[in-house]
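# Let's see this in three dimensions:
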Amino acid sequence: MRVYIAAPLFSQAEKEFNLTVDRVLRNLGLDTYLPQRDAGEAAPLIRAGADEHTVRARLFTADCTAVGDCELFLLVLDGRVPDEGACFELGLAYAAGKTCFGLQTDSRRFGGTDSNNLMIDYALGGGISHSLDELTATLAAHLHGGRTDTTAGGSGPADSEPRTPTAGGQPA
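Okay, the predicted model is just below:
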């Protein structure tokens, strides 16, 4: 089963965390698509003299194709606000009917609320985990046919009502 890892990938710390997330998922037996590794990064290619438009178009196409090819989708929500590109990828995955999960280890919230933007929260039907350990448990339960709402604030596909994963998991 393949999972697309959507995350910010612009600083060394972000890229290293993404590699850690990738290792956790691979240890669960999942095949992963990590854009920074599998499609490449635009900035180094452009600095090396590649045409910017060509590079950006190639990366866009590669990542959109990979979202379509995955069975699962993981959005890393860390940062002051979620990464714009990763949110776009979440929209693609959600529209394609992929099971989407979130990982938010950063406790900051935009605007000081307990939840993320409602479009993000409700697209993450697999729930939002707040640590790598919670993510591991949630994905393991999903892979073994169990409920995915294993975290206190998580949501899952156990019923048809949408839930807000970061606002206590209460029905809408």
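
# Show me the longest helix that occurs in the protein.
helix 52-69 (DSSP state H).

# got a pLDDT number for the residue nearest the centre of the chain?
In the chain, the residue lying closest to the centroid (Cα atoms, centre = their mean) is Leu75, at 1.3 Å. Listed pLDDT for Leu75 reads 98.

# Same question for Gly154.
40.

# In this structure Pro75 contacts Phe101, no?
Just so we're on the same page, residue 75 is Leu rather than Pro. Yes - using Cβ atoms under 8 Å, Leu75 is in contact with Phe101, at 7.3 Å. To be clear about C-beta, it is placed using only N, CA and C from the backbone, and glycine gets the same treatment.

# overlap in contacts of the two?
Taking Cβ atoms under 8 Å, 6 or more residues apart in numbering as the contact rule, the neighbours common to Leu75 and Phe101 are Leu124.

# about what we covered before: tell me which strands and helices the longest helix of the chain is in contact with?
strand 2-6, helix 35-38, helix 42-47, helix 84-95 (3 or more Cβ pairs under 8 Å, 6 or more residues apart in numbering; DSSP states H and E).
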